[in-house]
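A.B. asks: Okay, predicted coordinates and the sequence, questions at the end:
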Amino acid sequence: MDYSIFPPINAMLNGTSTVLLLAGFFLIKSGKKEAHQKVMMGALTSSAVFLVCYLFYHYSVGHTTFPKEYPTARVVYLSILIPHIILAVVNVPLILMLVIAAFRGKFERHKKLARYTFPSWLFVSFTGVIIYFMIYVWFPPVATAEDPTEPSAAVEVEGDTTASRVTIVEPSTRAGDLVFEPAFQAYKAEAGQKIVEVTFQVTNNGETPRKVKELISTCACLSVEMDQNPIPPKGQATITGVFETEKLHGQSERKITVVLEDQSKSVFLTTRIETDPLYILKEPMTTWKVGGKPDPKTVEFRVQRKKPIRVLSAESKRDEVTAEVITIEEGRAYDIVLKPDSTDSSLLGIVRITTDCEIESYARPLAYFSIQ
């Protein structure tokens, strides 16, 4: 899976929530209660979908760090991020109480809760968009000579080489006199491997030096540098990308954007990191309909590698839903049975699964559930 699609999706969902919240505010001020209700349900839905996507993305990819190359912007970013996170946590129960009060016709209570919940909800949604642009668009990571990533941190596999784990998907791409090889490569990573290093060769077939204006990484998990710039006539240079891959699961694609000094069109160099799964969680998102039957539902945990992985426990983070582990085959197959006490009201929650997997980033997978 290409996890890079999630940040823009999350930003879009936050932006949608912001627009709907403002629309709902003006509708209720105009006395249009029915339209207000519909718009606010839309805001609730987009925020709930965002929460699921956000949790899934950060479980799969890990923590995203703001580039330290921009110290002033980093201070601004953190000053926005900290209250954003705090209010996001506080908002969940407040929004649920707000919605429940409206559905039960307790409009005075709904109105009182809205005085505090609405501005907090609006702040979280709006700043979510700002946070996306700051970390993914406005301030991309920049590789510097003073802060190299040590390739020696990579996990070495006996009898294996980097070349043996690389598959060329697209051999080359051209920009004027410059030829980039490869344009797209796939790297087969070991589960839990901390660092993956890939290289791209740039050949200048022209008679004059060619300069790369900028190398842009699209992810904080990727640093990039170039050994020679400008590239001499008939000469070569190497672009090196170093990926932090310890928390990547499945497939993930990352691009290096090469901005040339005398070209309006940029060059994109792509790497797909492929990691065979240690296990598979079938139905990681379990849902029930509000008012439906509170039947038990099963999340299947199936080990894919030869070495066994044992599920030690499964803990629901909401008291309203229980989680029980059933052993199908020791070290190979388990069922996590989820059962809600009732489906009378909306609910979002997480199940933390604890295993004996020796790789830390795989040891405690998460499953999700919702009543909506």
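C.D. replies: Thanks, I have it.
A.B. asks: What ranges does the stretch 1-150 of the chain have for its helices?
C.D. replies: Ranges of helices within the stretch 1-150 of the chain are 6-29, 33-61, 71-103, 107-132, based on DSSP state H, counting those that start in this stretch.
A.B. asks: Mind listing what's buried along the last one?
C.D. replies: Going back to what we said before, that points to helix 107-132. Residues 110, 113-114, 117-118, 120-132 are the ones in helix 107-132 that count as buried (16 or more other Cβ atoms under 10 Å). Where you see a C-beta, it was placed from the backbone N, CA and C, and this is true even at glycine.
A.B. asks: again with the shortest one
C.D. replies: Neighbour-count burial for helix 6-29, with 16+ other Cβ under 10 Å as criterion, is recorded at 6-7, 10-11, 13-25, 27-28.
A.B. asks: surely residue 287 meets residue 368?
C.D. replies: No: using Cβ atoms under 8 Å, residue 287 makes no contact with residue 368, being 9.1 Å away.
A.B. asks: Looking at those two, which one has more neighbours?
C.D. replies: Each of residue 287 and residue 368 has its neighbours counted (other Cβ atoms under 10 Å); residue 368 has more, 19 against 13.
A.B. asks: where do the helices sit along the stretch 251-372 of the chain?
C.D. replies: Going by DSSP H, counting those that start in this stretch, the stretch 251-372 of the chain shows no helices.
A.B. asks: the strands in it, which residues?
C.D. replies: Assigned by DSSP state E, counting those that start in this stretch, the stretch 251-372 of the chain shows strands spanning 267-275, 279-282, 285-288, 297-303, 311-316, 321-329, 333-340, 347-355, 366-371.
A.B. asks: Next: the stretch 101-250 of the chain.
C.D. replies: Applying DSSP E, counting those that start in this stretch to the stretch 101-250 of the chain gives strands spanning 166-170, 173-175, 178-181, 184-189, 195-204, 212-217, 222-226, 236-244, 250-260.
A.B. asks: Please identify the pairing partners of the last one and their relative orientation?
C.D. replies: Strand 250-260 has its sheet partners listed here by DSSP bridges as strand 212-217 (antiparallel), strand 267-275 (antiparallel).
A.B. asks: Looking at the chain, name the residue that lies furthest from the middle.
C.D. replies: Distance to the chain centre peaks in the chain at residue 207, reaching 44.0 Å (criterion: Cα atoms, centre = their mean).
A.B. asks: and that one, what is it in contact with?
C.D. replies: residue 233 (Cβ atoms under 8 Å, 6 or more residues apart in numbering).
A.B. asks: ok and the lowest-mean-pLDDT helix or strand in the chain relative to strand 250-260, angle-wise?
C.D. replies: Counting by mean pLDDT, DSSP states H and E, the chain has its least confident helix or strand at helix 33-61, which shows a mean of 82. Angle between the axes of helix 33-61 and strand 250-260 is 90 degrees (criterion: axes from the mean of the first three to the mean of the last three Cα atoms, to 10 degrees).
A.B. asks: Helix 33-61: how far from the chain's middle?
C.D. replies: With Cα atoms, centre = their mean, to the nearest Å as the basis, helix 33-61 stands 16 Å off its chain's centre.
A.B. asks: got it, and stretch 270-282?
C.D. replies: Its chain's C-alpha centre and that of stretch 270-282 lie 14 Å apart, by Cα atoms, centre = their mean.
A.B. asks: Show the average pLDDT along it.
C.D. replies: Averaging pLDDT along stretch 270-282 yields 87.
A.B. asks: low pLDDT regions in the stretch 101-250 of the chain?
C.D. replies: When residues are selected by pLDDT under 70, those of the stretch 101-250 of the chain lie in 140-163, 218.
A.B. asks: make it 80
C.D. replies: Applying pLDDT under 80 to the stretch 101-250 of the chain flags residues 135-164, 192, 218-221, 246-250.
A.B. asks: hmm, back to that, nearest to residue 43, out of the strands paired with strand 250-260?
C.D. replies: Nearest to residue 43, of all those, is strand 212-217, at 33.6 Å by Cβ to Cβ.
A.B. asks: tilt between the closest one and strand 222-226?
C.D. replies: If you take the same axes, to 10 degrees, strand 212-217 sits at 160 degrees to strand 222-226.
A.B. asks: contact partners of strand 212-217?
C.D. replies: Contact partners of strand 212-217, identified using Cβ under 8 Å, 6+ apart, comprise 140-143, 202, 223-226, 229-231, 237, 239, 241, 254, 256-261.
A.B. asks: Over to stretch 35-43?
C.D. replies: 16, 17, 20, 21, 23, 24, 27, 28, 102, 121, 125.
A.B. asks: which one of those residues is nearest residue 265?
C.D. replies: If you rank those by distance to residue 265 using Cβ to Cβ, residue 16 comes first, at 31.8 Å.
A.B. asks: Please read off the pLDDT at the closest one from the model.
C.D. replies: Looking at residue 16, the pLDDT reads 90.
A.B. asks: Could I get the contacting residues of the closest residue to it other than its chain neighbours?
C.D. replies: Setting aside the residues directly before and after it, residue 16 is nearest to residue 46 in space (Cβ to Cβ, 6 or more residues apart in numbering), at 4.5 Å. If a contact means Cβ under 8 Å, 6+ apart, then residue 46 has 13, 16, 17, 20 as its contacts.
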